Each structure stands twice: as C-alpha cells, then as structure tokens.
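# what's the 3D shape of this:
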Amino acid sequence: MHFEFEHLGTATPFELTDGQHLLGGGPNDHVRLEALPPSFLKLTIEGSRLTVGTSQTFTVNGVLVPPGVPRLVLPGEVVGLPEDMRLKILDSSKGGSRGMGTVAVLKHLLTDGDGLVRSRAATLTCLTGLDVGRTFPLAEEKTDIGRGAQMTFRLRDRTVSRSHGRVLRQGAQFTLVALNSPNGVYLNGRRVQGSELLSDGDVIEMGKTLLRFQAAVEEPPPASEPSADSEPAPLPAELSDMSPPPMAETAHQPSLTEWWLIGLGVASAVAGVLVTYALVG
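Below is the predicted model of the structure:
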C-alpha cells in the first residue's frame, strides 16, 4: 500500500506491505519518525484495506477519531499527526513511485537533534527492521553489508541479498558501492548506479532495512603548552623604556655593639653632669 508523509511542506512517498506496522518515534516502531510518540499509530493492511488505530486522539480528514477505536481509512483520506504532520493514503490503482518494501525515511525527515551519541569513528545505524538500533563502526577500509554469513555487517532481513552493498573508506572519505543486488541499493531515495560518496546523515536503503551514515567527530587539536626553554615575550616599547620606581630606603637598625657604645656615651654624659653639679655646689 502506498502512502505519502508530509511535514513542513515536504512530501515523501513510501510503501508498506500487508500486515501490522507500528508508526512512531520509539526504537521498536517499524516506521520510525522521531517527532512522534512511541507506537503512535497501528496500521493494519489487508490488500487494499487499511485500518488505523491508536491509544491517542488523531484525525482523519479533520474529523477527530477517539483513542482505542480502529478507523477504516480509504485512499485519498489524510491522517492528521502531531507537529503539523500528515499521512495520506494514495490510490494504488493510479500507480506511483517504485515499491520500496519499507518506509523511505529520507535525510530531511530525520530530526537534527535525534539524541544519537556521536562517535570518533564513522558509523552505520539501523533505523528499521529486526536490526533497528544496531550501530556498526566503519573502522575497516572495506565493510561488506548483506545477509550472508561472511558479511562484515550482517543484516537479518530476508529482502537483503547475501552480498548487497559495500562501504569503502579512504581516509576521512566514505563511498557506498552497490553489489548488483536485484533489489538495488538506494541512497536518500535514489538508486545507486555503481558508487556514491557518503555525507553525514545520509540514509541507505537495502531491502526493507534503512541505515543512517554518521560521519566521525573531528576533535580539535590539543592546545600547545609553552615550553620551559621559551623566552618570555618582550614588553611593548612604551613599557620597556620605563625604569622601575626607586626603592624606599629602609631605616638603619643599630647592631649590639653600637647599642653598647650608645649606652656608654649616655652614662658618661650623666657622670659629667653630676661632677659639675658637685663642684658648683
């Protein structure tokens, strides 16, 4: 069944197969859109019949649908979601874009602040399917991706070929290579013909599995510490000509010998005064 997701004026088509699909922002949701609450919608597809249910209130063509009540949604009707998002059911009889087998969550649909922990190494993070939440570091020069036992990054997706795609690393540059799988390899919704350079936030589609490429975090160079042998920077010219202010002279402190001499002088003076007083008297 074909759908069209619209947010901020941008419409993105995708397709889901028969069965039950959870749509929301939780890690276990089959169709993961970060701005939605976990498991916000439960989509049940049976051929051309779609039933939508949720534990919260939503709208269909502007009419409120109470929580807990499954609603049959017809082609052409629009399901209203939080944050001004809309989900439109397309008429499959009129044809449409290629069948993707999974939701094409393109680069502009992924929120910038998605809470992912940035890594020093480039990584691939699985967004949908059985491997949702898995993060694989791209540390080797060649990373083979597929369902085969010999793959570097093995996916549990039966729609993925045994050898489906490859990521090559050359320094800080990463290249996505399609390995001639009948289902093809898609980058941001476009089929890869041969190889394509990867940029931070790109979404890779293999079968029903979506992988987000996250570039490595570049660490700033450490601040250089001044060496012990380095000379201090010269003073500006207007300061270098200034001589330091003269130091104030400190008062002279007499030594012990000088104190004795002072004492003897005082005693002599007192004795002379006494003798003179006796002679006069």
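# Which residues lie in contact with the closest residue to residue 160 other than its chain neighbours in this structure?
The shortest distance from residue 160 to any non-neighbouring residue, by CB to CB, 6 or more residues apart in numbering, is to residue 207 (3.9 Å). Quick note: C-beta positions are derived from backbone N, CA and C, even for glycine. Counting by CB atoms under 8 Å, 6 or more residues apart in numbering, residue 207 makes contact with 101, 102, 155, 157, 158, 159, 160, 161, 164, 183.
# Then residue 86?
Here residue 86 is in contact with 5, 6, 7, 78, 79, 80 (CB under 8 Å, 6+ apart).
# coming back round to it: how much space separates the residue nearest to residue 160 from residue 128?
10 Å (CB to CB, to the nearest Å).
# ditto for residue 198
From residue 198 to residue 128 the distance is 19 Å (CB to CB).
# Can you verify my assumption that residue 155 contacts residue 206?
Yes - using CB atoms under 8 Å, residue 155 is in contact with residue 206, at 6.9 Å.
# Can you check which residues contact both of the two?
Common contacts of residue 155 and residue 206, defined by CB under 8 Å, 6+ apart, comprise 145, 146, 164.
# Low-confidence stretches in the protein?
Residue ranges of the chain with pLDDT under 70: 91-119, 218-261, 264, 266-267, 269-281.
# now do 50
94-115 (pLDDT under 50).
# okay, now the domains of it?
Under the assignment named as the TED database, the residue ranges that make up the domains of the chain are 2-90, 123-214.
# End to end on the longest one, go ahead and measure it.
End-to-end span of domain 123-214 (CA to CA, to the nearest Å): 5 Å.
# again with stretch 194-207
17 Å.
# Okay, buried residues for that stretch please.
195, 196, 198, 202, 203, 204, 205, 206, 207 (16 or more other CB atoms under 10 Å).
# Excluding covalently adjacent residues, which one is nearest to residue 204?
Residue 204 sits nearest to residue 211 (CB to CB, 6+ apart), 4.4 Å away.
# Would you confirm that the one you found contacts residue 129?
No - in this structure, residue 211 is not within contact of residue 129 by CB under 8 Å, at 9.7 Å.
# Neighbour count: the two, which is higher?
Taking neighbours as other CB atoms under 10 Å, residue 211 and residue 129 compare with residue 211 leading, 27 against 21.
# OK, contacts around the residue lying closest to residue 191 once chain neighbours are set aside?
Using CB to CB, 6+ apart and skipping the chain neighbours, the partner closest in space to residue 191 is residue 184 (5.1 Å). For residue 184, the contacting residues are 178, 191, 192, by CB under 8 Å, 6+ apart.
# Surely the last one touches residue 176?
It refers to residue 192. Yes - between residue 192 and residue 176 there is a contact under CB under 8 Å: 6.0 Å.
# any common contacting residues for the two?
With CB under 8 Å, 6+ apart as the test, residue 192 and residue 176 both reach 165, 185.
# Which one's more surrounded, these two?
Comparing residue 192 with residue 176 by other CB under 10 Å, the one with more neighbours is residue 176, at 22 against 17.
# beta partners of that one?
residue 167, residue 196 (DSSP bridges).
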